[in-house]
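Novice: Build the 3D model from these lines:
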Amino acid sequence: MAKIYSENSITKTKDLKPKEETVNFLLNYSKALSVIDYNKMKFEALLN
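Specialist: From the prediction side, this is the model:
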C-alpha cells in the first residue's frame, strides 16, 4: 500500500480541474436521487 500512496501521487492530485459538464451531471444526479427508509432498510430511487 505504501507504493500506491506515495508523495508523488498525492502532489499530482492537487491540480485536478473537472469539466463543467461533469459537475453539472453529478449535481443533477444528486438532486434526482431519493433515499427512502423503511423498516431498517434503505431504498434508493432515481426520480427521472
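Novice: What about the closest residue in space to F43 that isn't next to it in sequence, how many residues nearby?
Specialist: Counting by C-beta to C-beta, 6 or more residues apart in numbering, F43 lies nearest to I36, which is 4.5 Å off, once chain neighbours are set aside. Yep, even glycine has a C-beta here, placed from its N, CA and C like the rest. Taking other C-beta atoms under 10 Å as the criterion, the count of residues near I36 is 9.
Novice: For I36, list the residues it contacts.
Specialist: 42-45 (C-beta atoms under 8 Å, 6 or more residues apart in numbering).
Novice: List the strands paired with the helix or strand where it lies, with their directions.
Specialist: Assessed by DSSP states H and E, I36 sits inside strand 33-38. Strand 33-38 has its sheet partners listed here by DSSP bridges as strand 41-46 (antiparallel).
Novice: Need the per-residue pLDDT for D15.
Specialist: With respect to pLDDT, D15 scores 72.
Novice: residues touching the closest residue to L33 other than its chain neighbours, list them.
Specialist: Leaving out its chain neighbours, the residue that sits closest to L33 by C-beta to C-beta, 6+ apart is L46, at 6.0 Å. By C-beta under 8 Å, 6+ apart, the residues touching L46 are 29, 32-34.
Novice: L46 and N24: what is the separation?
Specialist: Distance, L46 to N24, using C-beta to C-beta, to the nearest Å: 16 Å.
Novice: now the strand or helix carrying F25 and strand 41-46, what's the angle there?
Specialist: Assigned by DSSP H and E, F25 belongs to helix 20-32. Using axes from the mean of the first three to the mean of the last three C-alpha atoms, to 10 degrees, the inter-axis angle of helix 20-32 relative to strand 41-46 is 130 degrees.
Novice: Report the buried residues of stretch 19-28.
Specialist: Neighbour counts over stretch 19-28 (16 or more other C-beta atoms under 10 Å) mark no residue as buried.
Novice: Touching it from outside, list them.
Specialist: Nothing outside stretch 19-28 qualifies as a contact, by C-beta under 8 Å, 6+ apart.
Novice: C-alpha coordinates for that stretch, PDB please?
Specialist: Included here for stretch 19-28 are C-alpha records, laid out as PDB according to Å, rounded to 0.1, in the frame of the first residue of the first chain:
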ATOM      1  CA  LYS A  19     -15.200  19.800 -16.600                       C
ATOM      2  CA  GLU A  20     -18.300  21.800 -16.100                       C
ATOM      3  CA  GLU A  21     -20.300  19.000 -17.700                       C
ATOM      4  CA  THR A  22     -19.100  16.600 -15.100                       C
ATOM      5  CA  VAL A  23     -20.000  18.800 -12.200                       C
ATOM      6  CA  ASN A  24     -23.500  19.500 -13.700                       C
ATOM      7  CA  PHE A  25     -24.100  15.800 -14.200                       C
ATOM      8  CA  LEU A  26     -23.200  15.000 -10.600                       C
ATOM      9  CA  LEU A  27     -25.300  17.800  -9.200                       C
ATOM     10  CA  ASN A  28     -28.300  16.800 -11.300                       C
END
